[in-house]
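Asks: Provided below for reference: sequence and predicted model.
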Amino acid sequence: MISSGRPRVYIATAQAWDDEMQARIAAHRSDRGGGWHTVEAPLYLGPALAEVPAGAVVLVDCATLWLSNQMLAEADLEAETDALLAAIAGCAAPVVVVSNEVGWSIVPENALARRFRDAQGRLNQRLAGQAGLVVAVMAGLPMVLKGTLPKGVA
C-alpha cells in the first residue's frame, strides 16, 4: 500500500438500522484504524464533498448503500445521481468511490430488487464514465477497467 501523505476523509453512507448493522459499522471503523476524519452522509453526499479541503483525499464508501438509501427515501434517482456526479466533479480533493457490481449475480425474483440492480448498474456506468481511473477488485486483485494504476499500487 502506498500513502499520499494527505489528510484522509472517509464519507460513510451506511445507516445503522439494527444491531447487526451497528456491529458491522463498528468493525469497519476499527479495521480502518486512526487517521481518518469520518463524515456520515447517508443521503446528501454533495454537502459532505463540498466541505473536503483541497489538500485531502476522500473515500466515499459506498455508492451502493447511498443508492439503497435514495431508493428507500423514494428520491428522484436521476436528479440525485446528477447532483452526486456534479459534487464529485466539483470536489477540491481527489475522490475515490467504492461501489458494488451487483449485475453479475442472478436476476432477482422481485421487482424492487430488479429495480435496484438496474439502478446500480446505471449508477456505476455514470460514475465510471466520469472517472479517470476505474478498478474492479476481485479476490483481492485489482483489475484496471479504465486508466492506469499509480506506480506502487498492486
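Replies: Yep, that arrived. Here the structure is a predicted model, which is why all the values come from computation and not from measurement.

Asks: quick one, helices of the chain?
Replies: 19-32, 45-50, 63-72, 77-90, 111-130 (DSSP state H).

Asks: quick one: pLDDT of the nearest residue to Asp61 once chain neighbours are set aside?
Replies: Spatial nearest neighbour of Asp61, chain neighbours left out: Val98 (4.6 Å); criterion: CB to CB, 6 or more residues apart in numbering. To be clear about C-beta, it is placed using only N, CA and C from the backbone, and glycine gets the same treatment. Here, the pLDDT recorded for Val98 equals 96.

Asks: give me every residue that touches Val98.
Replies: 59-64 (CB atoms under 8 Å, 6 or more residues apart in numbering).

Asks: Serialize those to a markdown table and add fields for neighbour count, distance to Pro142 and pLDDT.
Replies: Putting the contacts of Val98 into a markdown table (neighbours: other CB atoms under 10 Å; distance: CB to CB, whole Å; pLDDT from 0 to 100) gives the following:
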| residue | neighbour count | distance to Pro142 | pLDDT |
| --- | --- | --- | --- |
| Leu59 | 18 | 15 | 96 |
| Val60 | 27 | 18 | 97 |
| Asp61 | 19 | 17 | 94 |
| Cys62 | 17 | 17 | 93 |
| Ala63 | 21 | 18 | 97 |
| Thr64 | 18 | 18 | 96 |
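
Asks: Show me the shaky parts of this structure.
Replies: 1-3, 154 (pLDDT under 70).

Asks: Could you state which residue of it sits nearest its centroid?
Replies: Cys62 (2.9 Å; CA atoms, centre = their mean).

Asks: How much space separates that one from Val135?
Replies: Applying CB to CB, to the nearest Å, the value for Cys62 to Val135 is 14 Å.

Asks: Then Ala83?
Replies: The value you get for Ala83 to Val135, if CB to CB is used, is 24 Å.

Asks: Kindly report the same for Arg24.
Replies: Arg24 is 24 Å from Val135, by CB to CB.

Asks: residues near Leu43, how many?
Replies: 15 (other CB atoms under 10 Å).

Asks: How about Phe116?
Replies: 17.

Asks: Now do the same contact list for it.
Replies: 67-68, 71, 102, 108 are the contacts of Phe116 under CB under 8 Å, 6+ apart.
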